[in-house]
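# Quick one, structure for this:
(chains A and B)
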Amino acid sequence: MDAVWAPVAVISGVLVAAGMGRFLWSLRPQADMSGLPPTPLEKLGWVGLGVTIVVGLGLGLLVGLAGADFIDENTTARGIFWLLMLGGTGFWVASWRYLKRRSGATVIDERDRAILARSLSVESIIVLLSLVGWTIVLTEVYSDEGVMPIGFLQLIFWSTFISGAFGRSLGIVMGYRREIPANA
Amino acid sequence: MPKANIANHIRRLRFEHAEMTQQELADLVGCTRQTIIVLEKGRYVPSLSLAFDIARVFSKTVEEVFDYPTNG
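Here you go, the predicted structure:
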């Protein structure tokens, strides 16, 4: 089994690294847009990226320290888990309200709405990748037992939620760094 | 998706209208300054309603503000 997965893992790692490099390069500020303050929606995209990365890493750390079935077994870890999830969501919502209040002029215009609509495709891809990852990992780990701990349902839901928010934020940030295709 | 080759004279028209700033134009037509900037650079094609709003600010027709060559 390892002989099969090792090259697959290496090739996947190289592809992911190449993809990340290409993606990070595409996020560089455009020369003619440098020095321009970001729109409220772009700021929200960056906030969303930060929040989802922090919450995602926190969730990963929690699973690493308390085990994957901590939701069923560990009350303290469960409390931290809910604090992370609700705190992250609350912070994100509060950030948007704050940004809207601070912006005196138009907050979202048609270009922002176009970028927001296009970010859905990035969100969909990342959610799909997240679900594919869960399916492969859970199948590999629990295929012999035939059952998996019920606590994974919470993990799957919240990781999908975080992935979706991450993907949406990523799509927004990417949208401001790429030319909007003509809708004419 | 094909790129529409639509040029515009927004920058010139702003200067002809008492050197109107991008922010002032953005406020008048209800969009962000960033959208006016990308519009002027030809990196964004506005909706019909935004194109009409911009033309009305300068008391021009849409055709006088935007150029859409027949050969694309």
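# Next, count neighbours for residue B:40.
As a burial measure, the neighbour count of residue B:40 was computed by other CB atoms under 10 Å in any protein chain shown and equals 18. Using the backbone N, CA and C atoms, a C-beta is placed for each residue, glycine as well.
# contacting residues around the most centrally placed residue in chain B?
Centroid-nearest residue in chain B, with CA atoms, centre = their mean: residue B:10, separated by 4.8 Å. Taking CB atoms under 8 Å, 6 or more residues apart in numbering or on different chains as the definition of contact, the neighbours of residue B:10 are B:25, B:36, B:39, B:40, B:54, B:65.
# Of those, which ones also sit close to chain A?
Under the cut-off given by CB under 8 Å from any CB of the partner chain, chain A has nothing from the contacts of residue B:10 close to it.
# Relative to chain A, which of the residues you listed is nearest.
residue B:39 (8.6 Å; CB to the nearest CB).
# for the record, mean pLDDT for the helix or strand hosting the closest one?
Assessed by DSSP states H and E, residue B:39 sits inside helix B:33-40. Mean per-residue pLDDT for helix B:33-40: 90.
# What is the subsequent helix or strand relative to that helix?
Going down the chain from helix B:33-40, the next helix or strand is helix B:48-57, by DSSP H and E.
# which parts of that following helix are buried?
By neighbour count, and taking 16 or more other CB atoms under 10 Å in any protein chain shown as the criterion, the buried residues in helix B:48-57 are B:50, B:51, B:53, B:54, B:55, B:57.
# thinking the fourth one is in contact with residue B:29, fair?
Yes: checked against CB atoms under 8 Å, the pair residue B:54 and residue B:29 is within contact range at 5.5 Å.
# List of residues touching stretch A:159-175?
Contact partners of stretch A:159-175, identified using CB under 8 Å, 6+ apart, comprise A:23, A:26-27, A:41-42, A:44-49, A:51-53, A:55-56, A:59, A:85, A:88, A:92, A:114-116, A:118-127, A:129-131, A:134.
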